[in-house]
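Undergrad: Structure for this input, please:
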Amino acid sequence: MTHDTDTGRRSFLKVAGAGAAIGLAGCSSLTPDEGTGGDSNGSTEFPTQDVEMICPWAEGGGTDRTARMLADLVQDELDASAYVTNQTGGSGSVGFNAIATADADGHTVGVLTVEIATIEHLGVADVSHEDVGSVMQYNFDPAALTVHQDAPYGTLEEFVDYARDNPGEIAVSNSGTGAIWHLSAAGFAREAGIELDHVGYDGAAPATEAVLGGEAAATTSSAAEVAPQVQDGPLEMLAFFGEERHPLFEDVPTLVESGYDFTMGAWRGLGVPTGVDDAVVQQIHDAYRAVYESEEFSQFMDDNGFGMVYRDTEEFEAFMREEYDRFGALIDDLGLSG
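TA: Presented below is the predicted three-dimensional model:
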């Protein structure tokens with residue numbers, strides 16, 4: 001088992017924005033205790049102290065909620081306390097930097113999100129997948145293309161035909177320029193050979209409100225973010241950008257089955273600083289995989305609309321590398337490179 005390294009890599013990671021502060025806010029009720037490890041011959045056992053889980057996103061969001069559930073359940077597997085710190089800012093880069101520069105003893109585990117494959121290309125921060133070691137992936141939420149039920153297109157085929165006949169007329173809201181839902185819509189438009197008007201908002205919620213209020217004709221987001229308006233309101237999903245149909249919306253086709261070789265969405269996984277001993281990484285992986293396979297975690301993910309996808313340490317490492325290359329090409333093609 002290996003982790004990517006680069007001998008010419010920078011000695012420290014420069015986060016965009018001068019003086020970005022790393023805060024230790026939003027900790028769970030489990031308080032970290034100081035601890036030391038090691039025995040008389042100098043070997044180190046794991047764990048010898050509490051495990052800190054770094055969440056690069058704010059308290060209360062989806063990434064934070066999954067991190068807290070993982071921390072709560074993994075304690076029995078590791079036989080050690082685990083707690084969450086929210087170290088936010090710079091589109092996730094503050095938290096990613098904190099993960100990368102922590103002590104490489106296994107007692108710091110961080111949540112890695114899709115932004116670690118995009119922000120370096122966007123010029124947001126000088127940090128990427130190469131600066132962390134992989135543990136495992138536990139989530140993938142494909143983008144969903146959603147429109148108002150009164151739109152002049154009720155299927156994906158009609159949407160594409162309308163866009164081809166009216167280039168640039170369809171305004172598609174997203175959670176911000178360069179964010180995953182913008183890149184998903186732009187990537188699909190490139191694959192379909194259509195021109196869309198991408199409009200950024202401060203998050204998925206206002207982007208959805210824009211469609212409800214008629215400011216935009218469509219939006220791209222995760223299924224969970226629009227599910228209430230689709231199930232009980234005036235919005236309609238046209239397609240999912242995943243490999244399989246969503247279990248809550250089984251009548252909505254995927255882009256792949258509609259003839260477009262394109263998948264994209266947000267994902268979450270776990271990482272550690274580079275240099276953690278392989279045996280410790282394996283122990284961390286096995287503990288979190290046991291949580292992933294538990295009925296309690298599966299029910300939590302299902303109840304909250306989070307998709308479950310598992311990749312082991314090597315598979316997740318390769319996946320992040322592939323995503324980094326793919327997003328780099330897309331961001332460059334869209335003229336968004338920093």
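Undergrad: For the stretch 1-150 of the chain, which segments are assigned as strands?
TA: The residue ranges that make up the strands of the stretch 1-150 of the chain, judged by DSSP state E, counting those that start in this stretch, are 51-55, 82-86, 108-113, 132-148.
Undergrad: Next, format those as CSV and append distance to residue 193.
TA: C-beta: built from backbone N, CA, C; applies to glycine. Listed next are the strands of the stretch 1-150 of the chain as CSV, based on distance: least, CB to CB, whole Å:
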stretch, distance to residue 193
strand 51-55, 39
strand 82-86, 41
strand 108-113, 30
strand 132-148, 16
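Undergrad: which non-adjacent residue is nearest residue 290?
TA: Distances taken as CB to CB, 6 or more residues apart in numbering place residue 77 nearest to residue 290, at 5.0 Å, with adjacent residues excluded.
Undergrad: Now the strands of the stretch 1-150 of the chain in TSV, please, with extra columns for mean neighbour count, mean pLDDT and distance to residue 198.
TA: What follows is the strands of the stretch 1-150 of the chain, written out as TSV (neighbours: other CB atoms under 10 Å; pLDDT from 0 to 100; distance: least, CB to CB, whole Å):
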stretch	mean neighbour count	mean pLDDT	distance to residue 198
strand 51-55	24	98	28
strand 82-86	23	98	29
strand 108-113	26	98	21
strand 132-148	25	97	13
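Undergrad: Out of those, which gets nearest to residue 62?
TA: Taking CB to CB as the criterion, residue 62 comes closest to strand 132-148 out of those, the separation being 8.2 Å.
Undergrad: Can you tell me which helices and strands the helix or strand just after the closest one packs against?
TA: Per DSSP states H and E, strand 132-148 leads on to helix 156-165 as the next helix or strand towards the C-terminus. Packed against helix 156-165, as judged by 3 or more CB pairs under 8 Å, 6 or more residues apart in numbering; DSSP states H and E, are the following elements: strand 132-148, helix 180-192, strand 235-240.
Undergrad: and the helix or strand of the chain with the lowest mean pLDDT with strand 132-148, angle?
TA: Within the chain, confidence by mean pLDDT, DSSP states H and E is lowest for helix 223-232 among all helices and strands, at a mean of 90. Angle between the axes of helix 223-232 and strand 132-148 is 20 degrees (criterion: axes from the mean of the first three to the mean of the last three CA atoms, to 10 degrees).
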